[in-house]
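Chemist: Got a predicted structure here, sequence first:
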Amino acid sequence: AGALRVVVATMGLAAGINFSLRSVALAAASYRRDMVEIQIRADEILQMMGRAGRRGIDDTGYFLVSANDLRLRNGHAAHLARCGIVDWNALLGLMHAANAAGRDPFAEAVRVQQRLFSSKPVILGVEESLKNPDPPCGLKTDAERARHVAKMVRQILNSRGEWEPWAMPREVPAAEVKAMTPLSEGELALLKLEIKSRGAASADGPFPRSAELQLRENTPTRGAGAPRSDEADAPATPHSALRTPHLLPALAVPEALEKLGHGTLVKLPDGTHARSVAVADILNGQHVLLAKWVRKLTNWNARETSLEAWRESVVPILERELAAQKTPVVGYEYPQPSGGDPAVGTVRVQLSLARLPLKAAVDSHGVALWQPVTREVVPADCARCPLTSVCRTLSTATGVATLWRRLGLVDAAGVPTRRGRVMSFFQQGDGLGIAAALEDEKFPINEFIYELANLHAGHRFASEDTRWSGRTAIACQRTYGAQTIPGYLENGLPPEYGAGGEEIAQSVHRDPFSKHAWATDFIGAGDIDRLIIEWRSMLRQVSHSPPLEWPRWTALQKMAKAILEQTESPTMLDLPALSQSQTKRVEHRLSFRRH
């Protein structure tokens, strides 16, 4: 209508495709953003110069040159490069449609990505897996396969000479624990031969000396010294090279009892061991001086007592208390008289260790083994898979498909889950926030409908509270943790999330004229209008999204449609008539200066 004589525009408006004027002038070669001076790029200069000249109105457009040194030669086209961020929302929608049509969801996502205009291919992390879609492990992403084949499985040699999966040691009474006798030279050689024949020689070189010593000494293997194999035995598969191990009671192995009980380790006539502890001293053959710990244990007040009282009164109490501590008395060591002199010396008691707990690995046959022989092999499904060498070359880095699996957006076959479907209805991380809030059954829909305003509220409405508060924030961080994924999550929440907007949205819904009461020096009326526009836009997206077989989603859609009918957008649709001062001819002059 010719009503606008001069437009002072920001970078966004100046780059608009359908926005043009008769003349264009650039006030400066840079602009400030968050206290940082940013130079205008050459392609931005060219784009803004291109606004000069109205199609169908002007034969010539004018670019006004000022003293800021910007000239026509400063503007030229730049090489366009596609952003490397994958559009999760669109791909998840396409993957759902592909699955409904009977096609592979991951294959459809890769096909779409390969058709994008990009100088560098955008990798989803399933490209290699699609070439071999049915491995024994059943994993569909490259990173999952790479991590699976790199995760070695620890096995133990059980009580019958079979390899079986290692289990976390647990406490078992020492009398029930067995220890294997060390391997003989012939058995050690046969074991080495079998390990090499199963591929360890080609994979890891000669049999490690450290593993040989560990096997010989019957101690658990650890780290790089563990024998490895490219083929894993199934659980409880007999080991053809070894005889059934000969088992000894762990009580007969001093190394197994090093940290068990207190006192000196002594060997009993049956070959097992016990602890010998000093309990008293005999003085002149008639009196007994009790040890301090014995007096406390038996609650015996006198430090010194007669030999008769010791045997008739103290010993029964001592044996009862020691038995209660799972160390019953199995014998005494009294000093012997010599040369007609009375017995003088220390009285020691022998304590059984049979009932004390000892950590041991319980095998599939119920036998508790102390430090059985161990080895590390690849997983059983990888051992019989011809793709093992290929999977070892794959990257373990987290790709897009792996992130989808971690966030629960797709299942193992790539089919979008309910959460993934909700994600596909919205832009960027909005769907993640909405899905997490809906999954919280205790979060009322009539409260969440207003918290939709927080998804794009930012920090402005949080006041003195933290930006990351609110029921939606709690639900998101419970579901996604504190993950940060550029464009989708920041500390577990959608990047533009900010608490405080829900109160304003609820207030304006109840009374459209109440928005001015929320205006402050920091929050203007325009900020509130923008919040309401963004909130209503989110309500429209919810109401127009496809239905789901989910009662909470259905309730949210119904409530969103009802609120849209009850509220109006603050956007001005009918412009008021121009005043006389606005329509009269204005003589103006542009003045430029450096800054």
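Modeler: Alright, I've got the coordinates.

Chemist: Just confirm Ala280 is within a strand.
Modeler: Yes: judged by DSSP: H, G, I helix; E, B strand; the rest coil, Ala280 forms part of a strand.

Chemist: Residues in a beta bridge with it, which ones?
Modeler: Leu290, Val347 (DSSP bridges).

Chemist: Wait, it touches Leu290, no?
Modeler: Yes: Ala280 lies in contact with Leu290 (C-beta atoms under 8 Å); the separation is 5.1 Å. (C-beta placed from N, C-alpha, C; glycine too.)

Chemist: list the residues that contact both of those two?
Modeler: Any residue near both Ala280 and Leu290 by C-beta atoms under 8 Å, 6 or more residues apart in numbering counts here, and that gives Trp310.

Chemist: State whether Thr305 is indeed within a strand.
Modeler: Yes: assessed with three-state DSSP, Thr305 lies in a strand.

Chemist: How about it, nearest residue that isn't a chain neighbour?
Modeler: Val288 (5.5 Å; C-beta to C-beta, 6 or more residues apart in numbering).

Chemist: Would you mark the buried spots in stretch 305-316?
Modeler: By neighbour count with 16 or more other C-beta atoms under 10 Å, stretch 305-316 contains the buried residues 305, 307, 310, 314-315.

Chemist: In CSV: those residues, plus pLDDT.
Modeler: Output for those, formatted as CSV (pLDDT from 0 to 100):
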residue, pLDDT
Thr305, 90
Leu307, 87
Trp310, 90
Val314, 92
Val315, 92
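
Chemist: List just the nearest of the residues you listed to Gly102.
Modeler: Val315 (83.9 Å; C-beta to C-beta).

Chemist: got a list of what the closest one touches?
Modeler: No contacts exist for Val315 under C-beta under 8 Å, 6+ apart.

Chemist: cool, the one 3 residues further on as well?
Modeler: The contact partners of Leu318, taken as C-beta under 8 Å, 6+ apart, are 279, 294, 297-298, 329, 349.

Chemist: Same list (those) but as a markdown table, adding neighbour count and secondary structure.
Modeler: Shown next, in a markdown table, are these (neighbours: other C-beta atoms under 10 Å; DSSP: H, G, I helix; E, B strand; the rest coil):
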| residue | neighbour count | secondary structure |
| --- | --- | --- |
| Val279 | 23 | strand |
| Val294 | 21 | helix |
| Leu297 | 18 | helix |
| Thr298 | 20 | helix |
| Val329 | 18 | strand |
| Val349 | 23 | strand |
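
Chemist: any low-confidence regions in the stretch 101-250 of the chain?
Modeler: By pLDDT under 70, the low-scoring segments of the stretch 101-250 of the chain are 118-119, 182-243.

Chemist: quick revisit: could you dump the contacts of Leu318 into CSV with pLDDT and distance to Glu464 added?
Modeler: What follows is the contacts of Leu318, written out as CSV (pLDDT from 0 to 100; distance: C-beta to C-beta, whole Å):
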residue, pLDDT, distance to Glu464
Val279, 92, 69
Val294, 92, 66
Leu297, 92, 61
Thr298, 91, 65
Val329, 93, 70
Val349, 94, 70
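
Chemist: rewinding a little: which secondary structure state does the residue nearest to Thr305 sit in?
Modeler: strand.

Chemist: What is the burial count for it?
Modeler: Val288 has 21 neighbours, counted by other C-beta atoms under 10 Å.

Chemist: show me the contacts for it.
Modeler: Contacts of Val288 by C-beta under 8 Å, 6+ apart are 280-282, 304-307, 309-310, 314, 347.

Chemist: Mind doing that once more with 10 Å?
Modeler: Residues in contact with Val288 (C-beta atoms under 10 Å, 6 or more residues apart in numbering) are 279-282, 294, 303-311, 314, 347.

Chemist: Where do the strands of the stretch 201-350 of the chain begin and end?
Modeler: Using DSSP state E, counting those that start in this stretch, the strands assigned to the stretch 201-350 of the chain run over residues 237-238, 247-249, 264-267, 273-283, 287-290, 304-306, 329-333, 345-352.

Chemist: which one of those strands lies closest to Ala179?
Modeler: strand 247-249 (5.1 Å).

Chemist: dump the residue contacts of Glu128.
Modeler: Contacts of Glu128 (C-beta under 10 Å, 6+ apart): 141-142, 145-146, 387, 390-391, 393-395.

Chemist: And Lys178, by the same measure?
Modeler: 159, 172, 245-253, 256, 360, 363, 367-370, 372.

Chemist: so it bridges to which residues?
Modeler: Under the criterion used (DSSP bridges), Lys178 bridges to Pro249, Leu369.

Chemist: Going by distance to Ala9, which of the contacts of Val288 wins?
Modeler: The nearest one, if we look at the contacts of Val288 relative to Ala9 and count by C-beta to C-beta, is Val294, at 94.8 Å.

Chemist: What score does Glu496 have for pLDDT?
Modeler: With respect to pLDDT, Glu496 has a value of 92.

Chemist: Look up how far Met538 lies from it.
Modeler: To Met538, Glu496 is 11 Å away according to C-beta to C-beta, to the nearest Å.

Chemist: who has more neighbours, those two?
Modeler: A side-by-side neighbour count of Glu496 and Met538, using other C-beta under 10 Å, places Met538 first with 22 against 17.

Chemist: Wait, the more buried one touches Ile434, no?
Modeler: Yes: look at Met538 against Ile434 with C-beta atoms under 10 Å: they come within range, at 8.6 Å.

Chemist: For Ala25, which residues are in contact?
Modeler: By C-beta under 10 Å, 6+ apart, the neighbours of Ala25 are 6, 48-49, 52, 62-66, 68, 70, 590, 592.

Chemist: ok, now how distant is it from Arg55?
Modeler: 20 Å.

Chemist: which SSE is the closest residue to Val410 other than its chain neighbours in?
Modeler: Computed as C-beta to C-beta, 6+ apart, the closest residue to Val410 that is not its neighbour in sequence is Trp404, at 4.6 Å. If you go by DSSP states H and E, Trp404 is part of helix 400-406.
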